[in-house]
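Got a sequence here, can you build the structure:
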Amino acid sequence: MILFNLVFTDLDLKVQKMVQAGYSDNTNRVYTSAQKAYLQFCNMYRLSPVAADKLQVLRFIAHLSHRISPTSIKVYLSAVRALHVNLGIKFDTSDQPRAQIMVRGLARGAPPPHQKLPITYSMLSSMITLVGQSYDDIMCWAAITVAFFGCLRADDSGLNIHKESS
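Model prediction:
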């Protein structure tokens with residue numbers, strides 16, 4: 001977990017390491033990333049990162065709303081809660097119905113996921129004309145055909161393929 005501008009004794013650091021060990025490696029990675037975003041938010045608006053009040057949590061949600069999904073916002077709030085709990089400071093988003101309502105409202109207004117178009121046979125056929133005879137060109141063609149027969153979507157291939165009507 002992130003330790004910020006506080007003086008810790010060796011014993012305090014040992015406590016922090018033991019608490020951190022209580023989370024899985026993946027949870028630690030996700031929480032560390034979310035906590036960095038929270039600390040940057042607090043720094044940007046000159047807010048104290050500890051003992052966050054309800055309004056600060058709502059502002060953090062609003063700050064995140066334009067760049068991450070509502071599901072991820074819930075994870076970020078869990079990471080902020082973990083930051084407080086790990087430092088022995090009370091923090092509970094469950095008693096904040098406005099925060100839950102905001103996240104639910106974001107979920108309702110969120111755009112649908114981007115639908116990726118399939119690579120069609122005619123797309124594949126038109127691509128063969130772009131392939132030269134060099135080793136790299138042949139390897140690229142092999143990757144393209146594996147992508148096609150592996151049912152990859154057009155956007156997953158990394159190629160700039162325009163929409164084609166079926």
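
Domain ranges for this protein, per the record?
Listed domain ranges for the chain are 10-109, 121-157 (source: automatic domain parsing).

and the ones you listed, which is most packed in?
Burial of the domains of the chain is given as mean neighbour count (mean count of other C-beta atoms under 10 Å); domain 10-109 ranks first at a mean of 15. Quick note: C-beta positions are derived from backbone N, CA and C, even for glycine.

Give me the distance between the two termini of that one.
One end of domain 10-109 to the other measures 48 Å (C-alpha to C-alpha, to the nearest Å).

Is Ala99 in contact with Leu77, as I believe?
Yes: with contact defined as C-beta atoms under 8 Å, Ala99 counts as touching Leu77 (7.0 Å).

quick one on the thing from earlier: is it possible to get TSV of the domains of the chain that adds mean pLDDT?
Formatted as TSV, the domains of the chain follow (pLDDT from 0 to 100):
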stretch	mean pLDDT
domain 10-109	88
domain 121-157	79
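
so where do the strands sit in this structure?
Using DSSP state E, no strands are assigned anywhere in the chain.

need the longest helix for the chain.
helix 25-44 (DSSP state H).

So which other helices or strands are in contact with it?
With contacts taken as 3 or more C-beta pairs under 8 Å, 6 or more residues apart in numbering; DSSP states H and E, helix 25-44 sits against helix 54-64, helix 70-86.

which stretch among the ones you listed comes nearest Arg29?
Comparing these against Arg29 with C-beta to C-beta, the closest turns out to be helix 70-86 (10.6 Å).

so Thr145 makes contact with Leu124?
Yes: using C-beta under 8 Å, Thr145 is in contact with Leu124, at 7.2 Å.

so who does Asp12 touch?
Not one residue lies near Asp12 by C-beta atoms under 8 Å, 6 or more residues apart in numbering.

gap between it and Leu87?
As judged by C-beta to C-beta, to the nearest Å, Asp12 and Leu87 stand 10 Å apart.
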